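[1] Here is my input, please return the structure:
(one chain, ligands or ions: 2)
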Amino acid sequence: MFPFILFTECSRPIRLRVELYWINGDELAIQNPNMVNGQSMALNSYVNHTFMVREIPNAQGTCNDGSKYATPSISPVCRTAFITVNNHDDQVIHILQDMDIEVEDSSTIAEEVTSSIISTCEDRVRHDIEAGNVVKDEVIDAFSSCVHPLLARQIEKSNEEIKDQSDIRMNIGEQWEEYTCADFELPTTSPKSMHTWNYRGKQHEVGVLLDRDEAKIHFIKNFITPEECSAIEAAAAPTLHKATVADGSGGSQLQKSRKAMQAGVQVPWDREADGDPIASVSRKLYAYINEATGYNIQTDGQEDLMSIQYFGRGLTDPEPDRYMPHCDGQCDGQKFQDAGRVATMVMYCKAPLKGGATNFRNVGVHVVPEVGTAAFFSYLGSDGRTDNRLTEHSCCPVLEGEKKIAVQWLRLGVDNENPWNSFNTLNVKHGLAESM
Ligand SMILES: O=C(O)CCC(=O)C(=O)O
Ligand SMILES: [Fe+2]
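    Ligands and ions are numbered 1, 2, ... in the order given. I've put the predicted structure just below:
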């Protein structure tokens, strides 16, 4: 759904009478009969959807341009115009007096501001040339010293706005976490789009839940087979221990609400050619992640695959097993620190009976565990900056049944000489941190 606002222009005495229709295939559904001048209305729609606006004659059968509607009929129409929703933010659609449609959105506004800065500076420099204050050689310098502070101020203003919006979103996120985790009937968020991923002759249904350059969340159906799950669980069994969380100063610590058991499983790449199920599912996840992100992540120096198992202790458990909201990697919107995590694949091997969804509270995305499905998310932008908490996520309290997952966290900048465990949880190389 894509919200946008539409309103008729109110600066002039308007006699325009318009009706707004929602076009649904061949059908027209009236949204607003007789919109009045200056009225604004919010419409929920989606990109590429088209609305129809009809000007209708006044009670005397006269259209706004003065023409008389010749043969009064059941639904007389003076003029018709169409509006198509685009994919820019903050769309405001103006219906002008002469039925011209003007679209204002984040992109047209940015263009207007930029042209206004450029033309202000052109005028200023032209004036200075005429007044003899600037000579030919200095024109470029004069122009850039005019543009520079104006653009910087504009960018600063936009950044402040982004920060305000992001604070609002984070606040809502905190409340959203509690509501969504408490609703056991809540299904997985409807994907923005679906497509098929072909891998070695098998088709996998993919749902795109968030699609930004620096933050993506997908689910992939039938990603992990029961045989692959069993192999991971069996390999993990001898070393299962209580799960930890990052402690914020480079290490790991236990957390009261985190009761899950986990164990790292080394991927047996040397047995890949023999069809080893752990190597096979690992190869699949690298293929998916590299295709979805374009990161070109290599297997050398990566973390072990992690088997994590949560246990429900009933609806009355005062402190159920959960994993509080966290980011797997840096996720502070700053420049990426080499060797950090950039993507995660969570593969659901056993689904709990109640609770245990993976919840992305800042973007309203909720993934209900389904055996065989995987949730993929990535958190590094093409400009080298990390996502700013859009992929922060949690595991909602697991109340009944067991939840078993296999997780692979993927890093960029590791290799055999610089493996993941030569860095601490703040991505500072061991030895360097101690000597600082
Ligand atoms: O349990 C889940 O669904 C998410 C697990 C997770 O966030 C993690 O292991 O980093
Ligand atoms: Fe996580």
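[2] how is the chain carved up into domains?
    Per the record, the chain has its domains at 2-104, 183-435, by automatic domain parsing.
[3] I'd like to know which of those domains lies nearest to ligand 1.
    With CB to the nearest ligand atom, the closest approach to ligand 1 among the domains of the chain belongs to domain 183-435: 3.2 Å. From N, CA and C alone the C-beta is placed, and that goes for glycine too.
[4] do the closest one and ligand 1 meet at all?
    Yes - residues of domain 183-435 contacting ligand 1 under CB under 6 Å from any ligand atom: 308, 323, 328, 346, 358, 393, 395, 405, 407.
[5] And those residues, which is the shakiest by pLDDT?
    Lowest pLDDT of those: residue 323, 93.
[6] Show me what it is bridged to.
    residue 395 (DSSP bridges).
[7] Any idea how many residues pack against residue 81?
    By other CB atoms under 10 Å, the residues close to residue 81 number 15.
[8] which residues touch it?
    Contact analysis of residue 81 by CB atoms under 8 Å, 6 or more residues apart in numbering lists 52-53, 55, 95, 99-101.
[9] Tell me the bridge partners for it.
    Under the criterion used (DSSP bridges), residue 81 bridges to residue 53.
[10] Contact partners for the closest residue to residue 353 other than its chain neighbours?
    Nearest non-adjacent residue to residue 353, counting by CB to CB, 6 or more residues apart in numbering: residue 401, 3.5 Å away. Residue 401 makes contact with 312, 350-354, 356, according to CB under 8 Å, 6+ apart.
[11] show me where the stretch 1-150 of the chain has helices.
    Here the stretch 1-150 of the chain has its helices, by DSSP state H, counting those that start in this stretch, at 106-130, 139-182.
[12] Tell me which of these lies nearest to ligand 1.
    helix 139-182 (11.5 Å).
[13] Neighbours of the closest residue to residue 143 other than its chain neighbours, how many?
    Distances taken as CB to CB, 6+ apart put residue 125 closest to residue 143, at 5.1 Å, once the chain neighbours are dropped. Neighbourhood size, residue 125 [other CB under 10 Å]: 22.
[14] For residue 134, see how far away residue 125 is.
    According to CB to CB, to the nearest Å, residue 125 stands 6 Å off from residue 134.
[15] just to revisit the earlier point, would you list the helices of the stretch 1-150 of the chain in CSV and tack on mean pLDDT?
    Formatted as CSV, the helices of the stretch 1-150 of the chain follow (pLDDT from 0 to 100):
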stretch, mean pLDDT
helix 106-130, 89
helix 139-182, 87
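[16] mind putting those in a markdown table, distance to ligand 1 included?
    Listed next are the helices of the stretch 1-150 of the chain as a markdown table, based on distance: least, CB to the nearest ligand atom, whole Å:
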| stretch | distance to ligand 1 |
| --- | --- |
| helix 106-130 | 32 |
| helix 139-182 | 12 |
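[17] Let's have the ones you listed in CSV, adding distance to residue 387.
    As requested, these are arranged in CSV below (distance: least, CB to CB, whole Å):
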stretch, distance to residue 387
helix 106-130, 20
helix 139-182, 12
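[18] out of those helices, nearest to residue 227?
    Nearest to residue 227 among those is helix 139-182 (31.6 Å), distances taken as CB to CB.
[19] Quick check: what element follows the closest one along the chain?
    strand 193-199 (DSSP states H and E).
[20] Please point out which parts of that next one sit buried.
    For strand 193-199, burial by neighbour count (16 or more other CB atoms under 10 Å) applies to residue 197.
[21] list the helices and strands the very next helix or strand once past it packs on?
    Sequence-wise, the next helix or strand downstream of strand 193-199 (DSSP H and E) is strand 202-211. Using 3 or more CB pairs under 8 Å, 6 or more residues apart in numbering; DSSP states H and E, the elements in contact with strand 202-211 are strand 193-199, strand 216-220, strand 365-367.
[22] Check which residues of strand 202-211 are buried.
    204, 206-207, 209-210.
[23] rewinding a little: and the domains of the chain, which one is worst for confidence?
    domain 2-104 (a mean of 73).
[24] show me what contacts residue 208?
    191-195, 216-218.
[25] one step back: among the contacts of residue 401, which one has the most neighbours?
    Within the contacts of residue 401, neighbour counts (other CB under 10 Å) peak at residue 356, which reaches 30 neighbours.
[26] how about that residue, what does it touch?
    Contacts of residue 356 (CB under 8 Å, 6+ apart): 310, 312, 369, 395-399, 401, 403.
[27] Repeat that for residue 335.
    384-386.
[28] ok, of these, which come out buried?
    Neighbour counting with 16+ other CB under 10 Å marks 385-386 as buried within those.
[29] Dump the contacts of residue 335 to JSON lines, plus distance to residue 290 and secondary structure.
    Shown next, in JSON lines, are the contacts of residue 335 (distance: CB to CB, whole Å; DSSP: H, G, I helix; E, B strand; the rest coil):
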{"residue": "384", "distance to residue 290": "18", "secondary structure": "coil"}
{"residue": "385", "distance to residue 290": "20", "secondary structure": "strand"}
{"residue": "386", "distance to residue 290": "18", "secondary structure": "strand"}
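[30] what's the closest of the contacts of residue 335 to residue 252?
    Closest to residue 252 out of the contacts of residue 335 is residue 386 (20.4 Å), distances taken as CB to CB.
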